[in-house]
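Visitor: Got a sequence here, can you build the structure:
(4 chains)
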Protein chains: 2
Amino acid sequence: MDANQVEQVRRFNRLVTRRIGALSDDYLSRGRPLGEARLIFEVTSAGGMDLGRLRGKLGLDSGYMSRLLRSLEKQEMIEVRRKAGDGRAREVILTDKGRQEFAAYDSRSAKLARSMLSPLEEGQRERLVSAMAEVERLIRASFVTVAEESPRQADGRWCREQYFAELSRRFDGGFDVATGDPSDSADLLPPSGSFVVARLDGEPVGCGGLKTLDAATGEIKRVWTSASARGIGVAGRIMARLEQSAREAGFSVLRLDTNRSLVEAQALYRKLGYREIGRYNDNPYADHFFEKRL
Amino acid sequence: MDANQVEQVRRFNRLVTRRIGALSDDYLSRGRPLGEARLIFEVTSAGGMDLGRLRGKLGLDSGYMSRLLRSLEKQEMIEVRRKAGDGRAREVILTDKGRQEFAAYDSRSAKLARSMLSPLEEGQRERLVSAMAEVERLIRASFVTVAEESPRQADGRWCREQYFAELSRRFDGGFDVATGDPSDSADLLPPSGSFVVARLDGEPVGCGGLKTLDAATGEIKRVWTSASARGIGVAGRIMARLEQSAREAGFSVLRLDTNRSLVEAQALYRKLGYREIGRYNDNPYADHFFEKRL
DNA sequence: TCCATTACCTGACTTTAGTCAGATAATAGG
DNA sequence: CCTATTATCTGACTAAAGTCAGGTAATGGA
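Guide: Model prediction:
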């Protein structure tokens, strides 16, 4: 990246944090500590939430968050109750009063947005809005992390379920996990395999796995990106990470299989240097097979 | 403006303040309280400053700021000394150590920018940087204010000087104020005239005047936009404001003259509904004349 | 010269934000 | 059933941020 790009990003960061940042805090705090305001905002926009998820999203210490919750409870903005199905975990919901409060935030935030648009002419508005959308997408992309995780933990399992659900939707005639690939998380566990999860703000938005076929050959499995995070290079980064793991594991060849209906996936594999080979397994759902030498 | 535009702006504001805002604070605080960091940053970028001005810029309580200053003095980052000419007021300057410290902030801010670019591919980087530039320009545009001011105060005079300087640069054979239009600020004073200044963050970036030709006819004069603020609709907003004043003053017709070398100006006038007419004065620098019925 | 004003400083305070070390209760896995 | 783990809470702390009521010294105008 060149120095002008860095300079532009710095100017942008300065402008935006100074100006919009200060303004939004003003608009949104409504005489309430910012921590509480952020919490109530986050809860509303999801319409109730597990504490754990909330903590991850806001990046708060569990003790601190607990105190924020007690304070909002005392103000009757929220209710915290046991979560059905797991008595340890709890979840927050807004009371009626909390919903009213949120409505107030909401209207102030809309007002701030309008105050930015209204001095502009229609053409400028359109350009601003579309440039903002572009910046938003790309900044989200730049905040995606890809890290090795256990395929057995909740988020890993969730990702694979999403993956299977997508296959069912897209394959002609649906998809049945047991038929397609009876093996599962065991193959993706170290030391013989690995599993990575892509996250954005703590939320899983993609995954991918690597398993051993033989001492020199690894196989890429379960590469998936959530609909909300497509088109921003997540799958490419998952693949890069898996290839790195494969090199570290001493594989010299990577293989993968896929279905004709997953056209974007095939395009990605080709772009990354995979070339099509003949069938190497008896997966009934697979009809395209790829290989890459590392 | 439509609801989708407002929604996009809100999403953008949220994203950018939460994410970039929090990150920049992190990057820039360098183990020092944010207040001190902001203070040192502000002092450096202006290269020394009066306390009063600084207080205004940072929006701090005088007691709080005083303590920040003492702390930075103890760390030998700054020196605070009596201001020459007024023994009550004082001014801050950076020590050598303070300048080094600033250099460190500077490099961290560049690092933050790089950390946003580096996860992206080159094509994405280019798109991000150009979208950021667009957002920056248009947000700046949306923060421009246009208000009536006295043409005789320092900023108003400065704007008109800039305007004349530009005419000298652009007209073939230069420009001499006395020849071009001997009348000046008197014509632009209420009640027979008016004068508006466009500002961005308090700095003047444009101006425009309205004078009386006869009871029914006003004349637009001295419409200028600073080079730093072109292409973001400042002149259009100045014109809109002057036309509003003209209506309030009871004029039914507006006239203006201009020179063939000011092509953007002519394009703007046409766009705003002015049509070209014959010469109505003997300004030797003018060769195009326009009129609009209000 | 006197007095109100201005510019800043000090001390005493409060609130917000955040950390850390246990405590408690439910659950999952063997 | 036992044990380790997980999810949350509580108490005891600290640092930063901000407020407020005086206090001092210089200034400017009557």
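
Visitor: how about low-confidence regions in chain A?
Guide: Within chain A, the stretches with pLDDT under 70 are A:29, A:177-185.

Visitor: Return the residues of it in contact with DNA strand C.
Guide: A:33-36, A:60-64, A:67, A:85-88 (CB under 7 Å from any atom of the strand). C-betas here are computed from N, CA, C, even on glycine.

Visitor: try it again with 10 Å
Guide: For chain A, the contact set with DNA strand C under CB under 10 Å from any atom of the strand comprises A:25, A:29, A:31-39, A:58-68, A:71, A:82-89, A:152.

Visitor: are any of those buried, and which?
Guide: Buried by 16 or more other CB atoms under 10 Å in any protein chain shown: A:Ser29, A:Arg32, A:Gly35, A:Glu36, A:Ala37, A:Arg38, A:Leu39, A:Leu58, A:Leu60, A:Met65, A:Leu68, A:Ser71, out of the residues of chain A next to DNA strand C.

Visitor: sorry, back to before: point out the ones among the residues of chain A next to DNA strand C that are inside strands.
Guide: Taking DSSP state E as the definition of strands, the residues of chain A next to DNA strand C contribute A:Arg82, A:Lys83, A:Asp86, A:Gly87, A:Arg88, A:Ala89.

Visitor: how long is stretch A:146-157 end to end?
Guide: Stretch A:146-157 has an end-to-end distance of 16 Å (CA to CA, to the nearest Å).

Visitor: do the same with stretch A:246-254
Guide: First-to-last residue span, stretch A:246-254, CA to CA: 8 Å.

Visitor: now it, how far from the chain's geometric center?
Guide: 27 Å (CA atoms, centre = their mean, to the nearest Å).

Visitor: got a list of contacts for it?
Guide: A:191, A:194, A:210, A:212, A:215-220, A:243, A:274, A:291-294 (CB atoms under 8 Å, 6 or more residues apart in numbering or on different chains).

Visitor: Around the residue nearest to A:Arg82 when sequence neighbours are not counted, how many other residues sit close by?
Guide: Spatial nearest neighbour of A:Arg82, chain neighbours left out: A:Arg90 (5.9 Å); criterion: CB to CB, 6 or more residues apart in numbering or on different chains. Other residues near A:Arg90 come to 15 when the count uses other CB atoms under 10 Å in any protein chain shown.

Visitor: Name all residues that make contact with the spatially most central residue of chain A.
Guide: Geometric centre of chain A, nearest residue: A:Val205, 2.8 Å, by CA atoms, centre = their mean. Counting by CB under 8 Å, 6+ apart, A:Val205 touches A:Val144, A:Ala198, A:Arg199, A:Thr225, A:Ser226, A:Ser228, A:Ala229, A:Val234.

Visitor: next one: A:Leu58
Guide: Contacts for A:Leu58 (CB under 8 Å, 6+ apart) come out as A:Arg38, A:Leu39, A:Glu42, A:Met65.

Visitor: repeat that for 7 Å
Guide: The neighbours of A:Leu58, taking CB atoms under 7 Å, 6 or more residues apart in numbering or on different chains as the test, are A:Arg38, A:Leu39, A:Glu42.

Visitor: what's the spacing between the first one and A:Leu51?
Guide: In this structure, A:Arg38 and A:Leu51 are separated by 15 Å, where distance is defined by CB to CB, to the nearest Å.

Visitor: follow-up on the earlier one: let me know the closest of the ones in strands among the residues of chain A next to DNA strand C to chain B.
Guide: A:Ala89 (25.0 Å; CB to the nearest CB).

Visitor: before we move on, the earlier item: same list, the contacts of A:Leu58, but as a markdown table with distance to DNA strand D please.
Guide: Output for the contacts of A:Leu58, formatted as a markdown table (distance: CB to the nearest atom of the strand, whole Å):
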| residue | distance to DNA strand D |
| --- | --- |
| A:Arg38 | 16 |
| A:Leu39 | 12 |
| A:Glu42 | 14 |
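
Visitor: So which of those are in helices?
Guide: Among the contacts of A:Leu58, DSSP state H puts A:Arg38, A:Leu39, A:Glu42 in helices.

Visitor: just so I have it, where are all the helices in the stretch 1-150 of chain A?
Guide: A:3-15, A:22-29, A:34-46, A:51-58, A:62-74, A:96-117, A:122-142 (DSSP state H, counting those that start in this stretch).

Visitor: So which residues make contact with the first one?
Guide: The reference is to helix A:3-15. For helix A:3-15, contacts defined as CB under 7 Å, 6+ apart pick out B:20, B:24, B:109-110, B:112-114, B:116-117, B:125, B:129, B:132-133, B:135-136, B:139.

Visitor: how about 6 Å then?
Guide: With contact meaning CB atoms under 6 Å, 6 or more residues apart in numbering or on different chains, helix A:3-15 is reached by B:Ile20, B:Ser24, B:Ser109, B:Ala110, B:Ala113, B:Arg114, B:Met116, B:Val129, B:Met132, B:Ala133, B:Glu136.
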